[in-house]
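Trainee: only the shape, not the letters, is given here:
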């Protein structure tokens, strides 16, 4: 019938129908106005510091068997914290799960591990085969919803990742089923998440993401308050930069620091926005070295950036907390958070390593995890040692501030535990 | 058994139906074959997914245009429509190959302009597609008009999980097809020409 109508020359009515369809679609898709960054805080950085310096270390995770990595943390109302990470027999293994633990503010201890997402439940929810999971990021939104983003791979390696999202309306006790964000036209592969989301004033979410399929470059994914993709903005192009950590300075300006992913020795990369994430300046190298490792940044109480990073040419055997001016021209070391006893990070014979790791374990774990020490010492070979030579690795830091203004960092401690370090403003002031 | 989404099942069945040689089977038997392909798409795998869902891991969701094109090809194979003429095919190849060149290199990171972004706030892209559809109208290219109009209708009604208009218009497979099909047509034309001479 349609074919016959063409031959009879009904092109004008057909064009009319087409016009109506496209006009309706045009009318239904109104342009949006991008909201500024939300910079309101529950703490008052202008208040006089009267507290004593506090710096505490605790292990978050408690499972001894698994490789743990890529942790994230968020503050909940009432002082509790929730941390997530991935754990499995090795990175990229089919048994990797997204796990979580809750910090109870009353007892000041981390609770038991829970499983938030598995390969099987992700597969069932998104209706696609899932080979592996990774990089969970958790964030408590101003509208009291808790968001969990994590990557899954259906095809190939990490370059084949897509981002999944889950949301909780009750501070993480129950969760929605995961759903996949569609962020790439190429069979929706190669978008990964690692760093803390940024919230905008209207409740929309800015999610720093990155690609590593043909190029390695960062993007700023803009979601509405319900986690639906509204837009995305390229932060840099090329093959050199990953895992942007974004720090808003006011409602329009933000700094992003980037993991350097080039072939040669390199430094941390930086880019800036002055329009709430829509356009970004050309990325440039800044002072600290970056051995192709993840870093985290946050705004301090004294209008500087705090940056947790492996400021090394190679390896991840030292994790430092550094401070930078907003123009990124001045950098200084605040303190070393964890480091190998070998200044060059070279492997250490297991006989010399055992008393060192025992000492570090006791200093880092907190009393509730002390009972795990003896069993952990039996597992060194294969976990942190190869053929009797052992390493220290401190990597993938993640920084936040809680409602009381305290700072919280989580990171991978020898890929054996997720470690939580918390400190207050007084401790920061005492470091100089 | 987890039934993969309707689109994956339909895509899988149509592709399989188009690949299977039919010989001199009547239309009725061909319809039976198509129904069988739908059932094959729903075969449960050990993972709990259907066979179609399992393959969705390789292809993700196909564009609506691809689905409509597959449906048109299946309808032709069933004998309900005449074969698509060369004069209908070449503007489609040219149009979708050009769109693919606009979308993919930039979306995959070539430079700072991300053309995939245009699909999130798609007013300009809608105007361009409306223009292309009108061109197809004027060329009496029914399939072209159907592809773009149905894709736009599907986008209006959010029939896919994506909020990006491009995901309704293009996928890598339709673009690859539009690059490969002219080459095959050219080679066939030369071979036929050689035989004739």
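Mentor: Good, I have the coordinates. All figures in this text were calculated on a predicted structure; none of them were measured in a lab.
Trainee: residue A:82 touches residue A:172, doesn't it?
Mentor: Yes - Residue A:82 is within contact range of residue A:172, at 5.1 Å (criterion: Cβ atoms under 8 Å). (Each C-beta comes from the backbone N, C-alpha and C, glycine too.)
Trainee: and the next element down the chain from the helix or strand residue B:149 falls within?
Mentor: Element membership for residue B:149 (DSSP states H and E) is helix B:142-156. Downstream of helix B:142-156, the first helix or strand assigned by DSSP H and E is helix B:166-169.
Trainee: give me the residues contacting that following helix.
Mentor: Helix B:166-169 has contacts (Cβ atoms under 8 Å, 6 or more residues apart in numbering or on different chains) with A:182, A:185, B:61, B:63-65, B:99, B:103, B:107, B:115-116, B:118-119, B:125, B:129, B:148, B:151-152, B:154-155, B:160, B:162.
Trainee: what pLDDT does residue B:87 get?
Mentor: On the pLDDT scale, residue B:87 is placed at 91.
Trainee: what strand or helix carries it?
Mentor: Going by DSSP H and E, residue B:87 is part of helix B:86-107.
Trainee: quick check: next helix or strand after that helix?
Mentor: Next element after helix B:86-107 (DSSP H and E): helix B:123-138.
Trainee: which outside residues touch that following helix?
Mentor: A:11, A:14-15, A:18-19, A:22, A:25-26, A:29, A:31, B:91, B:95, B:118-119, B:144-145, B:148-149, B:152, B:165-166, B:169.
Trainee: can you find the helix or strand in chain B with the smallest mean pLDDT?
Mentor: One helix or strand of chain B scores below all others by mean pLDDT, DSSP states H and E: helix B:172-196, with a mean of 85.
Trainee: what angle separates it from helix B:142-156?
Mentor: Inter-element angle recorded for helix B:172-196 and helix B:142-156: 170 degrees (by axes from the mean of the first three to the mean of the last three Cα atoms, to 10 degrees).
Trainee: which strands and helices lie in contact with helix B:172-196?
Mentor: helix B:64-78, helix B:86-107 (3 or more Cβ pairs under 8 Å, 6 or more residues apart in numbering or on different chains; DSSP states H and E).
Trainee: ok, back up a step: what touches both of residue A:82 and residue A:172?
Mentor: Contact with both residue A:82 and residue A:172 is made by residues A:76, A:100, A:102, A:138, A:146, according to Cβ under 8 Å, 6+ apart.
Trainee: quick one: contacts for residue A:368?
Mentor: The contact partners of residue A:368, taken as Cβ under 8 Å, 6+ apart, are A:58, A:109-110.
Trainee: tilt between the helix holding residue B:87 and helix B:123-138?
Mentor: Using the same axes, to 10 degrees: helix B:86-107 against helix B:123-138 is 170 degrees.
Trainee: are helix B:86-107 and chain A in contact anywhere?
Mentor: Yes - using Cβ under 8 Å from any Cβ of the partner chain, helix B:86-107 reaches chain A at B:103-104, B:107.
Trainee: near chain B, which residues of the stretch 201-350 of chain A?
Mentor: The stretch 201-350 of chain A comes close to chain B at residues A:211, A:213-215, A:217, A:219, A:228-234, A:236-238, as judged by Cβ under 8 Å from any Cβ.
Trainee: narrow those residues to those that are buried.
Mentor: Burial by neighbour count, judged by 16 or more other Cβ atoms under 10 Å in any protein chain shown, picks out A:211, A:213, A:215, A:217, A:219, A:229-234, A:236-238 from those.
Trainee: ok so, going back, which strands or helices does the helix holding residue B:149 pack on?
Mentor: Using 3+ Cβ pairs under 8 Å, 6+ apart: helix B:142-156 touches helix A:2-7, helix A:11-28, helix B:64-78, helix B:86-107, helix B:123-138, helix B:166-169.
Trainee: and residue A:338, that one's in a strand?
Mentor: Yes - assessed with DSSP: H, G, I helix; E, B strand; the rest coil, residue A:338 lies in a strand.
Trainee: about what we covered before: list the buried ones in the least confident helix or strand of chain B?
Mentor: Neighbour count says helix B:172-196 has B:172-175, B:177-178, B:181 buried, by 16+ other Cβ under 10 Å.
Trainee: on that earlier part again, the shared contacts of residue A:82 and residue A:172 in strands, which ones?
Mentor: Judged by DSSP state E, the shared contacts of residue A:82 and residue A:172 include A:100, A:102, A:138, A:146 as members of strands.
Trainee: surely the third one is in contact with residue A:81?
Mentor: Pointing back at residue A:138 there. No - counting by Cβ under 8 Å, residue A:81 is not a contact partner of residue A:138; they are 9.9 Å apart.
Trainee: shared neighbours, those two?
Mentor: A:73-74.
Trainee: residue contacts, the residue in chain A positioned nearest to chain B?
Mentor: Here the residue of chain A nearest chain B is residue A:215; by Cβ to the nearest Cβ that distance is 3.2 Å. The contact partners of residue A:215, by Cβ under 8 Å, 6+ apart, come to A:237-239, B:108-110.
Trainee: so can I have CSV of those showing pLDDT and distance to residue A:260?
Mentor: Supplementary listing: these in CSV, determined by pLDDT from 0 to 100; distance: Cβ to Cβ, whole Å:
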residue, pLDDT, distance to residue A:260
A:237, 93, 15
A:238, 91, 11
A:239, 91, 11
B:108, 91, 21
B:109, 90, 17
B:110, 91, 21
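Trainee: quick one: which of these is nearest residue A:128?
Mentor: Nearest to residue A:128 among these, counting by Cβ to Cβ, is residue B:108 at 20.9 Å.
Trainee: how near is the closest one to chain A?
Mentor: Counting by Cβ to the nearest Cβ, to the nearest Å, the separation of residue B:108 from chain A is 5 Å.
Trainee: ok, and the closest non-adjacent residue to that residue?
Mentor: Leaving out its chain neighbours, the residue that sits closest to residue B:108 by Cβ to Cβ, 6 or more residues apart in numbering or on different chains is residue A:214, at 5.1 Å.
Trainee: quick one: residue A:166 is in a strand?
Mentor: Yes - counting by three-state DSSP, residue A:166 is located in a strand.
Trainee: next, count neighbours for it.
Mentor: For residue A:166, the count of nearby residues is 24 (other Cβ atoms under 10 Å in any protein chain shown).
Trainee: hmm, the residue nearest to residue B:108 is touching residue B:107, no?
Mentor: No - with contact defined as Cβ under 8 Å, residue A:214 does not count as touching residue B:107 (10.3 Å).
Trainee: lowest pLDDT pick from the residues of helix B:86-107 next to chain A?
Mentor: Within the residues of helix B:86-107 next to chain A, pLDDT is lowest for residue B:107, at 93.
Trainee: relative to residue B:166, how far out is that residue?
Mentor: As judged by Cβ to Cβ, to the nearest Å, residue B:107 and residue B:166 stand 8 Å apart.
Trainee: mutual contacts of those two, please.
Mentor: A:185, B:115-116.
Trainee: of those, buried ones?
Mentor: For these, buried by 16+ other Cβ under 10 Å: A:185, B:115-116.
Trainee: about what we covered before: name the nearest of the buried ones among the residues of the stretch 201-350 of chain A next to chain B relative to residue A:311.
Mentor: residue A:236 (21.0 Å).
Trainee: domain parsing for chain B?
Mentor: By the assignment in automatic domain parsing, chain B contains the domains B:1-60, B:84-196.
Trainee: next, format these as TSV and append distance to residue A:151.
Mentor: Putting the domains of chain B into TSV (distance: least, Cβ to Cβ, whole Å) gives the following:
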stretch	distance to residue A:151
domain B:1-60	15
domain B:84-196	17
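Trainee: rank those by pLDDT, which is bottom?
Mentor: domain B:1-60 (a mean of 90).
Trainee: looking at residue B:107 and residue B:166, which has the bigger crowd around it?
Mentor: Higher neighbour count among residue B:107 and residue B:166: residue B:166, with 25 against 22, using other Cβ under 10 Å.
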